[in-house]
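> Have a look at this prediction, sequence included:
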Amino acid sequence: MSSPSGAGKTTLSRMLLAADSNITMSVSVTTRKPRPGEVDGRDYHFISKEAFTAQADAGGLLEWAEVFGNFYGTPKKPVEEALAQGRDVLFDIDWQGTQQLAEAMKDDLVRVFILPPSAEELHERLIRRNQDAASIVAKRMAEASREISHWAEYDYVIVNDDLDRAFAQIQAVLTAERLRRRRRTGLTQFVRDLTKGL
């Protein structure tokens, strides 16, 4: 899932994780400082720029990007382990990371972009969350247009004008994607067994 800052992807991600026990959240590494209430290992793995560079250079990241002067990346090993266990992995990443994931995992990736209902509402949400200085809010608003310009690269686009409706739409996407024939392991054998009894 991707969106400009303040459109609601983190809230929607948390709702999805609480509602579906077969989803694992990909916990990114980042070089930025924790925001109030964030927990290391749950929200992000907060590491130094040196540690980040070492992990990227060793091929340990599926994707990485620099955003507002900080680095963010997805560790490869936990994602591979979750997929091997048959679990879905949720990524809360920007468009740059999504492009890199699409190259690394194109057959398994489902891309969802969350849009705010208006520029005014996006600005209000950034102010209401009270996590950033006014200068950072202004920077995030300036960046939002560039981020939103990538909406057409996504499989699904949801306008978050009502949180419950947006959440229901994300659940519908998840259900539909899980029912795709190519993702239904064991379906071929099931159909063979079924037709033997006809």
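Happy to help now that I have it.
> CA only for contacts and neighbour counts going forward, please
Fine.
> Now the phi/psi pair for the nearest residue to residue 41 once chain neighbours are set aside, please.
Closest residue in space to residue 41, ignoring its immediate chain neighbours: residue 27 at 7.0 Å, by CA to CA, 6 or more residues apart in numbering. The phi and psi values for residue 27, taken as degrees, to the nearest 10, are phi -90, psi 110.
> ok, now which ones touch residue 27?
Counting by CA atoms under 8 Å, 6 or more residues apart in numbering, residue 27 makes contact with 41-45, 74-75, 91.
> before we move on, what about residue 23?
Residue 23 neighbours (CA under 8 Å, 6+ apart): 17, 87-90.
> at 10 Å what do you get?
16-17, 82-83, 86-90 (CA atoms under 10 Å, 6 or more residues apart in numbering).
> and what of residue 195?
Residue 195 touches residue 189, counting by CA under 10 Å, 6+ apart.
> And the average pLDDT for the helix or strand hosting residue 16 is what?
Assigned by DSSP states H and E, residue 16 belongs to helix 9-19. Averaged across helix 9-19, the pLDDT comes to 94.
> ok, the residue nearest to residue 15 when sequence neighbours are not counted to residue 89 distance?
Nearest non-adjacent residue to residue 15, counting by CA to CA, 6+ apart: residue 167, 7.5 Å away. To residue 89, residue 167 is 17 Å away according to CA to CA, to the nearest Å.
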